[in-house]
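> Starting from these lines, generate the structure:
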Amino acid sequence: MFILGNMVTALARIIDIILEALKWLIIIRALISWVNPDPYNQIVQFLQKTTDPLLAPIRKYIPMTGIDFSPIIAFLVIYFAQIFLVSNLLEIGIRLR
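Numbering: from 1, shown residues only. Sure, this is the predicted structure:
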């Protein structure tokens with residue numbers, strides 16, 4: 001059973017790393033958006049391609065009033081997933097050992 005516990009623990013840590021990287025990408029995209037970036041810049045395109053799948057559904061439900069609140073909401077959703085999902089997976093992994 002310890003092998004399954006280690007696998008669940010490793011999965012939880014990988015998910016945590018991915019969610020943390022996604023949080024940083026959202027923060028960087030929000031900061032870059034303040035300076036009117038060049039849309040043809042490769043870094044800007046990379047940020048848009050990696051964060052749009054998460055931000056687009058949020059923008060569909062929240063009206064655009066001049067301030068884009070979708071990065072804040074996405075950040076909170078990711079933070080919740082880190083606290084709830086990752087911690088529960090770690091707890092399950094520990095109990096399976």
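
> Count residues in the vicinity of residue 70, would you?
The local packing of residue 70 (other C-beta atoms under 10 Å) involves 21 other residues. For every residue, glycine as well, the C-beta is placed using N, CA and C.

> element containing the residue nearest to it when sequence neighbours are not counted, please.
Computed as C-beta to C-beta, 6 or more residues apart in numbering, the closest residue to residue 70 that is not its neighbour in sequence is residue 58, at 4.1 Å. Assigned by DSSP states H and E, residue 58 falls within helix 42-61.

> What average pLDDT does the helix or strand that that helix is followed by get?
Sequence order places helix 70-81 as the next helix or strand after helix 42-61, per DSSP H and E. Helix 70-81 carries an average pLDDT of 94.

> Tell me which other helices or strands the next helix-or-strand element following helix 70-81 touches.
Counting by DSSP H and E, the element after helix 70-81 in chain order, helix or strand, is helix 87-95. Contacts defined by 3 or more C-beta pairs under 8 Å, 6 or more residues apart in numbering; DSSP states H and E place helix 87-95 against helix 2-33.

> show me what contacts residue 71?
With contact set as C-beta atoms under 8 Å, 6 or more residues apart in numbering, residue 71 has these partners: 26-27, 29-30, 51, 55.

> before we move on, back to that, and the helix holding residue 58 with helix 2-33, angle?
With axes from the mean of the first three to the mean of the last three C-alpha atoms, to 10 degrees applied, the angle from helix 42-61 to helix 2-33 works out at 100 degrees.

> From residue 40, how far out is residue 53?
The spacing between residue 53 and residue 40, counted by C-beta to C-beta, to the nearest Å, is 21 Å.

> Since that was my last question, I'll sign off now.
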